[in-house]
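*Asks:* sequence-free structure coming up:
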């Protein structure tokens, strides 16, 4: 599976982690969710949980929200401890050359996706055809989806 955060081709788990900063009257909230690899789960768990631990308590409502956020993050983190470590490789990068290698296979890629084939399988097939990695194909698909979304707005 692909990590929704870093794009790594690694074992993932669907998890949502939260951060809460309590202010006297209001609170600031942030979250990340999706299929994340162990490296990203660790990164966001420690970042979000420590910020919440030190800055979450300032306010009556924030006091209770902080307890819920800390419990959620700790439970989710513990449930992910058995997840296999991702390969010790840098996150995939997508260059202009990679995009040019993938471009000739886009029609086939979208036909297969629209036909119901799994994203992982389509990325692996396109990567073999284009001489790129499945993670680079996934990054390119995300880039195209983001550009399409921005164009529609």
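*Replies:* Nice, thanks for sending it over. Bear in mind that the values here come from a model prediction, so they are computed numbers and not experimental data.

*Asks:* May I have the phi/psi pair for residue 16?
*Replies:* Backbone torsions for residue 16, taken as degrees, to the nearest 10, come to phi -130, psi 130.

*Asks:* List the beta-bridge partners for it.
*Replies:* Beta bridges link residue 16 to residue 33, judged by DSSP bridges.

*Asks:* what's the burial count for it?
*Replies:* Here the number of neighbours of residue 16 (other Cβ atoms under 10 Å) works out to 13. C-betas here are computed from N, CA, C, even on glycine.

*Asks:* who touches it in this structure?
*Replies:* By Cβ atoms under 8 Å, 6 or more residues apart in numbering, the residues touching residue 16 are 31, 32, 33, 34, 72, 76.

*Asks:* Quick check: residue 5 touching residue 40?
*Replies:* Yes: using Cβ atoms under 8 Å, residue 5 is in contact with residue 40, at 4.1 Å.

*Asks:* from the chain's centre, how far out does stretch 18-26 sit?
*Replies:* Here stretch 18-26 shows a centroid-to-chain-centroid distance of 24 Å under the convention Cα atoms, centre = their mean, to the nearest Å.
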